[in-house]
Structure formats: structure tokens, C-alpha cells
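Student: Quick one, what's the 3D model for this:
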Amino acid sequence: MIPPEQLQTETLRKDRRGGQHVGADPVDVKVTHIPTGITATVGCCRAQHRNRNIAIRMIESALTDPDLHK
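Tutor: I've put the predicted structure just below:
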């Protein structure tokens, strides 16, 4: 688990066309792992906390992938 002080979270608002819920609230999330600079941007869910959790899991996966550290 990554300590929260090592993560920087930004919310993003997409300017896109769509139905009544599109663009209502910023739900896309960009999470940056500060020590390494690895970023993950996720906007697949309508809930911001779900997108943030997915982004953190992506960063954790990248940090533990031995192929990325060659």
C-alpha cells in the first residue's frame, strides 16, 4: 500500500457532449506517485472515489512490475 503523502490527486472535468450526467461533476481523476512521477488517469466510472481507487491500483501495479524496472 502506498502512503497517502506520496500521492497527489487531481480531479479533471471533461468537456464532452452526452446525456444529463456528463460533465455535471468532475469525476475523472489523475493520481501521481510523487517519488517516481508515475501517473494514472482514470475516468471509467461515474464515482470519483472509484476512479481514484483504480488509479492507485494501477500505480501500485506499475511499482511492483519487474519488467518496468529493467
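
Student: in this protein, which residue is closest to the centre?
Tutor: In the chain, the centroid-proximal residue (CA atoms, centre = their mean) is Ala55; its distance is 3.4 Å.

Student: SS state for that residue?
Tutor: Judged by DSSP: H, G, I helix; E, B strand; the rest coil, the three-state class of Ala55 is helix.

Student: and what of Asp67?
Tutor: helix.

Student: Can you give me the neighbour number for it?
Tutor: Counted with other CB atoms under 10 Å, the neighbours of Asp67 add up to 5. In short, each C-beta sits where N, CA and C put it, glycine included.

Student: and what of His49?
Tutor: For His49, the neighbour count with other CB under 10 Å is 10.

Student: and it, that's in a helix?
Tutor: Yes. Under three-state DSSP, His49 falls within a helix.

Student: quick one: it and Ser61, what's the gap?
Tutor: According to CB to CB, to the nearest Å, His49 and Ser61 sit 19 Å apart.

Student: pretty sure Met58 is touching Cys44, no?
Tutor: No. Using CB atoms under 8 Å, Met58 is not in contact with Cys44; the gap is 11.2 Å.

Student: Would you mind telling me which of those two has the busier surroundings?
Tutor: The neighbour comparison of Met58 against Cys44 (other CB under 10 Å) goes to Met58, with 16 against 9.

Student: what helix or strand does that one sit in?
Tutor: Using DSSP states H and E, Met58 sits within helix 48-64.

Student: Report all helices and strands that that helix contacts.
Tutor: Here helix 48-64 touches strand 7-12, strand 28-33, strand 38-42, going by 3 or more CB pairs under 8 Å, 6 or more residues apart in numbering; DSSP states H and E.

Student: Next, the buried residues of the last one.
Tutor: If I follow you right, that is strand 38-42. Buried residues in strand 38-42, counted by 16 or more other CB atoms under 10 Å: Ala40, Val42.
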